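>>> Next come a sequence and a model predicted from it.
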Amino acid sequence: MKNSSMNKIPFAGIAACLTLYLFWPSLEYGFFWVDDFYYVQQNECIRHLFSGNLFSLFTRGFYILWTPLTTLSFGLDYLIWKGGPFGYHLTNCILHLTNIYLVFYLFKRSDQDLLTAFIASLFFAVHPVQIESVAWISERKTLLCFLFFLIGCHYWKSFLKSSKLLQGGLAVVFHLLSVLSKPLLLLAPLLWFLEAFLIRVTNSSSPDAAPSHLIGRSAKTRLLTGIGLAISFFSLSMTLHYLSREKAFFLPLSYTLTERILTALTLPWYYVKNIFWPVSLSISYLPETAVFFLHPKVLFGGMVLLGIITCFYFGYRRKSPVAYWIFWIGIGLAPVSTVIAMPTWLNDRYLYVPLAAAAILLVNFTRRVFSARRLFILFWLIVIILLGMVSRSQLTLWKNPMKLLEASMKRDPRSFQSRGWYLHGYLKFQVDNGNPAEKILSAAKKILENDPHDPYAVYCVVRSLIQENKLDEALQRVSETLKRHPDAAYLNRVCGNLYLAKCDYQRASFYYSAVPDKDKQESSQALLDQIRIMLRLKDHEKALLIGKMAAFKIPDRPEIFLLLAECEQRSGEWGDSLRALQKGVRLHPENEDLRHALIRTSKQLSLLAPSVES
């Protein structure tokens, strides 16, 4: 037994070293323009996570999802690495390496021999569809979710073997951690229940009588499965709550039920193609909206789905592990199919979890095909080398967001033309890197050809108009777009700025107040601008009211305490001004302006104290 466990170490170590070599260049990459901007770069929550914001992670959603543990991990990264991308990429690589070892060890505990477990885990580790989950910092949530899921699976196997409730309870705890990282594997408790049913009892003295510990375990199994499903339901309800609050449902209501079902049947085509032929991967795919049953991709998807259901049925009847791994694939894709079926984007990261089960099924299938052991090893050696080469080629694209976008546009031009998603990225890349205004305008105008009132494209055009001092034209363009998109935070703030430039303080204040609270960055800046306008209008009472509200809503902005202190001083409340600055210094001890303002106010208050006493 000792030798067997020792033999696992070289296999797991080889898989980890090869994977680390493959993903090592990603440590030098920067932040990616999609999601990283919101999750890390502009996320004030992670910068002040341990100064009163820790509990708020679990009481509110962030960027349309409820993923408190993922945000917590970003906060820990910021605590160690600050704003540089190296540490965030390093954490992603470490999580992926940990998942590889846990997958390998899980295969071993599922009665697979060392060679099969090693090849399957290596296939899972180096497959090109994994690049997106590891190289994209924001996809930390998928890595964390799968990590806790795998740990929970190991504890569940220990529970099925020992029937100790503690082991099962730990499995439920890690399931909770998994859904707190990402609401993906919500059906994991059903996988546990299936595994408990498929276990063959070999230690019973009588073939007709079930052992007593199995009966007790069955009751415990139902209890723990029910608790796990209750946790999943709670996570789903929280996610739907924040999705509805942010108005971010992804399913257009203009599609009929038939179109929804037929389009969902085309999804296996994309999944199978990306697993077996991963040479033209993109950061996003747009499935065709199928309207008739004889569509080739619908027929292919229907046959694949029928084959999977058939294999699961016979595996279930024979109590074969095949049923377990097929159900694993199903729970990995189930939440995805409900979100992306009509028609939005498919992503490679959706295959991160199902690929582990697909890997063990493929390796076992080829083990039966190649009866000769050497031929089997040679076949998989060639496959792994080819996959590694494709993965390294795909990984190099993530170094330069522009190259990645250009490659994605070439590989999936339909998604580019119909959604403009890549073009938005190209446009933002031009803006963020200070490229010539001609390129920005050219990209924005391409978007406006399909949608004349696209908020972000209009925003870029208006910025160019402001630079050319065409304020009236810019104001007219923004006002027309806001009639269709009243919740566009950056447009409301730009409109407020334009009226502020015209010294129309009342209208400027109106548009600043119209900035939605859900866009924290724009909302916080709009509140600060409102306070400045009220001070300029000498409406000290309203300025003080807005300042107190802003200090409660956005305590992570140090300038809010400077403005609040100024409002208190103009209202004659020097004691409250001092307390506001003291609170600001406690929350932002590194801010020099707050410290200097506190010293000045303390001196001024000491001078005023005698007159107050007299």
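Happy to help now that I have it. The structure displayed is predicted, hence computed values, not measured ones.

>>> need the contact list for residue 126.
18, 19, 22, 384, 387, 388, 391 (CB atoms under 8 Å, 6 or more residues apart in numbering). Just so you know, the C-beta spots here come from the backbone N, C-alpha and C atoms, and that holds for glycine as well.

>>> can you pull the contacts of residue 59?
By CB under 8 Å, 6+ apart, the contact list for residue 59 is empty.

>>> what's the pLDDT at it?
Listed pLDDT for residue 59 reads 70.

>>> starting at the chain centroid, how far to stretch 179-193?
With CA atoms, centre = their mean, to the nearest Å as the basis, stretch 179-193 stands 16 Å off its chain's centre.

>>> how about the strand or helix carrying residue 393: buried residues?
Element membership of residue 393 [criterion: DSSP states H and E] is helix 373-397. Buried residues in helix 373-397, counting neighbours by 16 or more other CB atoms under 10 Å, are found at 376, 380, 383, 384, 387, 388, 390, 391, 392, 394, 395, 397.

>>> ok, longest helix in this protein?
helix 212-245 (DSSP state H).

>>> pLDDT of the helix holding residue 393, averaged?
Throughout helix 373-397, pLDDT has a mean value of 91.

>>> again with stretch 550-561
Mean predicted lDDT for stretch 550-561 stands at 74.

>>> State the distance spanning the first to the last residue of it.
Using CA to CA, to the nearest Å, the end-to-end distance of stretch 550-561 comes out at 9 Å.

>>> What residues sit buried inside it?
The neighbour-count check on stretch 550-561 (16+ other CB under 10 Å) flags 550, 551, 554, 555, 556, 557, 558, 559, 560, 561 as buried.

>>> just these now: which is nearest residue 326?
Nearest to residue 326 among these is residue 556, at 46.8 Å by CB to CB.

>>> wait, isn't that closest one in contact with residue 43?
No - counting by CB atoms under 8 Å, residue 556 stays clear of residue 43, with 9.7 Å between them.

>>> Can you lay out the contacts of residue 126 as a markdown table showing distance to residue 597?
A markdown table is the format used below for the contacts of residue 126 (distance: CB to CB, whole Å):
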| residue | distance to residue 597 |
| --- | --- |
| 18 | 56 |
| 19 | 52 |
| 22 | 52 |
| 384 | 62 |
| 387 | 59 |
| 388 | 57 |
| 391 | 53 |
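
>>> in the stretch 1-150 of the chain, which spans are helices?
2-23, 36, 44-47, 68-81, 85-109, 114-126, 131-135, 140-162 (DSSP state H, counting those that start in this stretch).

>>> meant to ask about the stretch 451-600 of the chain, not that
Per DSSP H, counting those that start in this stretch, the stretch 451-600 of the chain carries helices over the ranges 455-467, 471-484, 489-501, 505-513, 520-536, 540-553, 558-570, 574-587, 592-613.

>>> Which stretch among the ones you listed approaches residue 324 most closely?
helix 520-536 (43.2 Å).

>>> Just the mean pLDDT for that closest one, thanks.
Averaged across helix 520-536, the pLDDT comes to 68.

>>> for stretch 572-583, same thing?
Here stretch 572-583 scores 83 as its mean pLDDT.

>>> got the CA positions of it in PDB?
The C-alpha trace of stretch 572-583 is given here as PDB (Å, rounded to 0.1, in the frame of the first residue of the first chain):
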ATOM      1  CA  GLY A 572     -20.400  75.700  10.900                       C
ATOM      2  CA  GLU A 573     -20.100  72.200  12.200                       C
ATOM      3  CA  TRP A 574     -16.400  72.100  12.900                       C
ATOM      4  CA  GLY A 575     -16.700  69.200  15.400                       C
ATOM      5  CA  ASP A 576     -18.400  67.000  12.800                       C
ATOM      6  CA  SER A 577     -15.900  68.100  10.200                       C
ATOM      7  CA  LEU A 578     -13.100  66.800  12.500                       C
ATOM      8  CA  ARG A 579     -14.900  63.500  13.000                       C
ATOM      9  CA  ALA A 580     -15.400  63.000   9.300                       C
ATOM     10  CA  LEU A 581     -11.600  63.500   8.700                       C
ATOM     11  CA  GLN A 582     -10.700  61.200  11.600                       C
ATOM     12  CA  LYS A 583     -12.900  58.500  10.000                       C
END
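
>>> List the contacts of the closest residue to residue 39 other than its chain neighbours.
Distance criterion CB to CB, 6 or more residues apart in numbering; nearest residue to residue 39, sequence neighbours excluded, is residue 138 at 4.7 Å. Shown in contact with residue 138 (CB under 8 Å, 6+ apart): 32, 34, 35, 36, 38, 39, 40.

>>> how many other residues sit next to residue 169?
When neighbours are counted by other CB atoms under 10 Å, residue 169 registers 15.

>>> how far away is it from residue 68?
Residue 169 is 21 Å from residue 68, where distance means CB to CB, to the nearest Å.

>>> quick one on the thing from earlier: residue 459 is nearest to which of the helices of the stretch 1-150 of the chain?
Closest among the helices of the stretch 1-150 of the chain, using CB to CB: helix 36, at 19.9 Å.

>>> Contacts for the closest one next, please.
136, 137, 138.

>>> which ones among these are found in strands?
Assignment to strands by DSSP state E places none of the contacts of helix 36 there.

>>> rewinding a little: for the buried residues of helix 373-397, which one is nearest residue 308?
Nearest to residue 308 among the buried residues of helix 373-397, with distances taken as CB to CB, is residue 383, at 22.2 Å.

>>> got a list of what the closest residue to that closest one other than its chain neighbours touches?
Once flanking residues are discounted, residue 383 sits nearest to residue 123: 7.4 Å by CB to CB, 6+ apart. By CB under 8 Å, 6+ apart, residue 123 lies in contact with 355, 359, 362, 363, 380, 383, 384, 387.

>>> Farthest-apart pair in the residues you listed, please.
Greatest spatial distance among the contacts of residue 123 (CB to CB): 355 and 380, at 15.4 Å.

>>> Out of the helices of the stretch 1-150 of the chain, which is closest to residue 196?
Taking CB to CB, helix 140-162 is the member of the helices of the stretch 1-150 of the chain nearest to residue 196, at 5.8 Å.

>>> Pull out the buried positions in the closest one.
For helix 140-162, by 16+ other CB under 10 Å, it's 140-160.

>>> next structured bit after that helix?
Once the chain leaves helix 140-162, the next helix or strand it forms, by DSSP H and E, is helix 165-181.

>>> got the angle between that following helix and helix 212-245?
With axes from the mean of the first three to the mean of the last three CA atoms, to 10 degrees applied, the angle from helix 165-181 to helix 212-245 works out at 20 degrees.

>>> what does helix 165-181 contact?
Residues outside helix 165-181 that contact it (CB under 8 Å, 6+ apart): 58, 67-70, 141, 144-149, 151-153, 155-156, 158-159, 184-186, 188-189, 192, 220-221, 224, 227-228, 231-232, 235.

>>> do that again at 6 Å, thanks
Under the contact criterion CB atoms under 6 Å, 6 or more residues apart in numbering, helix 165-181 has outside partners 68-70, 141, 144-145, 148-149, 151-152, 155-156, 158-159, 185, 188, 220, 224, 227-228, 231, 235.
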